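Undergrad: Got a predicted model here, sequence first, then my questions.
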Amino acid sequence: MLKLDFIKEHHALYSASVVQPKFVQVPALNFLMVLGQGDPSTSQRYQEAVEALFSLSYTLKFMIKKGPLQIDYKVMPLESLWWIDGQKEFSLAKKDEWRWIAMIMQPTLVTPELLEEAKAQVAKKRTFSLLADINLGQYDEGLSAQILHKGPYREEAATVEKLSKFIQEQGYEPSGKHHEIYLNDPRRTQPQNLKTIIRVPVKKQ
């Protein structure tokens with residue numbers, strides 16, 4: 001059986017420094033995605049989105065593992081894009097105005113047809129009101145700057161500011177959505193040990 005390691009394959013995209021921001025070139029990647037709005041800590045849709053995305057991702061993993069190709073891989077971490085309509089830069093303070101896309105990266109082995117099969121399997125075990133809203137799509141960030149935040153999500157402001165300062169000092173400006181990659185599970189990790197990559201697509205000023 002062939003085993004794939006997408007974290008290792010895309011090491012530069014899923015590792016970052018707490019001390020020094022860096023630029024990365026992000027290729028177009030495939031994701032399961034679902035759209036929503038509002039504060040994630042109080043949004044029922046966001047919580048359901050996370051559970052549904054992982055349910056589908058694990059179902060797809062086992063379908064591919066047991067299929068004719070017999071390829072195994074680890075499910076990728078949860079990621080989210082965040083933005084506020086009409087604002088060029090993302091604000092951590094206006095949670096009620098946040099819009100988001102929750103997503104998990106998928107191998108190219110996952111097709112729309114396979115996703116529909118996985119949705120049918122998941123629906124037999126649990127009811128997700130937003131299951132039909134989850135799509136398979138491609139996200140292409142291109143040149144981006146990123147940094148690692150270690151600690152509670154509510155304390156991200158200083159890290160975000162550090163990344164923003166780095167982008168500006170290097171002669172760039174944000175050109176896309178605030179992107180967070182959650183490297184560990186908050187349900188099983190103490191808040192002070194949470195690790196989150198914060199990424200922002202950039203362009204020359």
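TA: Nice, I can see it.
Undergrad: who's in contact with the residue positioned nearest the centre of the chain?
TA: Residue closest to the mean C-alpha point of the chain, counted by CA atoms, centre = their mean, is E79 at 1.4 Å. When the contact criterion is CB atoms under 8 Å, 6 or more residues apart in numbering, the partners of E79 are F31, A102, M103, I104, M105, H179, E180, I181, Y182. (Glycine included, C-beta is placed from N, CA and C.)
Undergrad: can you give me the strands in this structure?
TA: 2-4, 22-26, 29-37, 71-73, 78-83, 99-106, 135-139, 142-150, 172-174, 178-182, 195-204 (DSSP state E).
Undergrad: List the pairing partners of the longest one within its sheet, with orientation.
TA: Looking at strand 195-204 with DSSP bridges, its paired strands and their directions are strand 142-150 (antiparallel), strand 172-174 (antiparallel), strand 178-182 (antiparallel).
Undergrad: Show me which residues of that strand are buried.
TA: K195, T196, I197, I198, R199, V200, P201, V202 (16 or more other CB atoms under 10 Å).
Undergrad: among these, which two are most distant?
TA: Across those, the longest distance by CB to CB is 22.2 Å; it joins K195 and V202.
Undergrad: quick revisit: of the strands of the chain, which is nearest L60?
TA: Closest to L60 of the strands of the chain is strand 99-106 (CB to CB; 6.9 Å).
Undergrad: Okay, now the sheet partners of that closest one, with direction.
TA: Going by DSSP bridges, the partners of strand 99-106 are strand 29-37 (antiparallel), strand 78-83 (antiparallel).
Undergrad: Determine how far the shortest one lies from the middle of the whole chain.
TA: Read it as strand 78-83. 5 Å (CA atoms, centre = their mean, to the nearest Å).
Undergrad: Now for this protein, the helix or strand with the poorest mean pLDDT.
TA: Ranked by mean pLDDT, DSSP states H and E, the helix or strand of the chain with the weakest confidence is strand 2-4, at a mean of 92.
Undergrad: which residues does the residue nearest to the centre of the chain bridge with?
TA: M103, I181.
Undergrad: mind checking how far it is from H179?
TA: According to CB to CB, to the nearest Å, E79 and H179 sit 7 Å apart.
Undergrad: Equivalent analysis for S144, please.
TA: Distance of S144 to H179, given as CB to CB: 7 Å.
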